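> compute the structure for the input listed below.
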Amino acid sequence: MSQQPSGWYDDPTDPDLLRYWDGVTWTTHTAPKKSPTASQSTIGLPQQPTTPVPSGSGWQDRPGHGASGYGQGGQYPYGQQSQPGLQQTPQYQQAPGAAWMHAGPTTSDGVPLASWGRRLAAWIIDGIVIVVISGILINLLVPSYAQMLEDIMKAMDSNDREAINTIIVNSAGTVFLVALLSYLIASVYAIACWVTTAQTIGKMALRISVRRTDRPGPLDIVTAIRRRLLALLSVIPGVSAFYSIVLLLDGLWPLWDERRQTLHDKIASTQVVVGKQPRQPR
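Numbers count the residues shown, from 1 in each chain. Just a heads-up that it's a prediction; the model follows:
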């Protein structure tokens with residue numbers, strides 16, 4: 001891939017901002033997106049060295065100017081110069097979505113897809129959140145479950161296999177109820193996040209979000225429910241025993257899928273992308 005010159009480009013994580021590319025990586029310098037005039041803009045040009053401001057010129061005292069420059073970090077997003085009279089060749093260049101900056105596939109409209117590693121990290125964070133919430137609610141709603149686990153641990157300590165089997169058979173109803181509650185708690189958590197901000201807590205932490213394959217924005221309720229259908233296998237008697245295999249296959253699928261979709265993404269026609277989703281107009 002050819003080296004792209006330093007300059008200000010569309011922020012790949014926020015469509016309302018510009019972000020400074022230093023020729024190697026994205027910096028933390030951002031500015032509101034505002035199309036400059038052709039005579040002012042230097043977007044897309046190599047970064048020009050800042051000329052020292054003459055002492056006593058009064059230029060340092062102007063709001064937003066001086067040694068620190070305009071905006072953030074001493075960079076000038078719209079071709080404004082640190083000293084009057086500094087000449088530059090005017091040019092306005094945008095890299096829509098800055099998709100060329102990202103190795104890997106994008107959505108049909110050029111938004112970079114989240115890597116498998118970032119999705120895994122977000123999934124781990126969400127898993128911890130769900131386990132904590134589920135543990136609290138299940139202990140409150142199904143107190144017999146904690147007693148069942150304690151009885152099984154005692155039987156295992158005494159190596160009483162017959163007692164273990166008896167406890168499991170007698171607690172089949174409790175196990176099913178706990179599995180159903182776990183599914184519902186996880187579903188409410190995920191769906192509520194997907195239809196509002198398109199980000200769970202894990203996705204917020206990793207700066208990724210979920211969207212439909214055909215359009216940006218948070219998911220509609222039907223799509224969000226479809227995205228949870230595969231996990232319903234964990235509740236169905238006779239099938240739940242094989243769910244761990246399905247879960248593993250689902251999690252690994254993006255590693256070889258050209259659209260980086262899991263199986264539940266394919267069911268719902270969704271993709272996980274880098275950055276936030278634009279809010280839906282009301």
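> just want the most central residue of this structure.
Centroid-nearest residue in the chain: residue 208, 1.2 Å away (criterion: C-alpha atoms, centre = their mean).
> any idea what that residue is bridged to?
residue 274 (DSSP bridges).
> buried set for whatever helix or strand residue 129 lives in?
Element membership for residue 129 (DSSP states H and E) is helix 116-141. Neighbour-count burial for helix 116-141 flags 116, 118, 119, 121, 122, 123, 125, 126, 130, 134, 138 (criterion: 16 or more other C-beta atoms under 10 Å). C-betas here are computed from N, CA, C, even on glycine.
> so how far is residue 240 from the last one?
It refers to residue 138. Per C-beta to C-beta, to the nearest Å, residue 138 is found 17 Å from residue 240.
> do the fourth one as well
Remark: distance between residue 121 and residue 240 (C-beta to C-beta) = 27 Å.
> all the helices of the stretch 1-150 of the chain, in order from the start?
Using DSSP state H, counting those that start in this stretch, the helices of the stretch 1-150 of the chain run over 116-141, 143-157.
> with the stretch 151-282 of the chain instead?
With DSSP H, counting those that start in this stretch, the ranges of helices along the stretch 151-282 of the chain come out as 161-170, 172-196, 201-206, 221-226, 243-252, 263-268.
> okay if I get those helices as TSV plus mean neighbour count, distance to residue 149 and mean pLDDT?
What follows is the helices of the stretch 151-282 of the chain, written out as TSV (neighbours: other C-beta atoms under 10 Å; distance: least, C-beta to C-beta, whole Å; pLDDT from 0 to 100):
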stretch	mean neighbour count	distance to residue 149	mean pLDDT
helix 161-170	12	10	79
helix 172-196	16	10	93
helix 201-206	19	27	96
helix 221-226	15	31	97
helix 243-252	14	19	93
helix 263-268	19	29	97
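> quick one, which of these gets closest to residue 32.
Among these, the nearest to residue 32 by C-beta to C-beta is helix 201-206 (22.5 Å).
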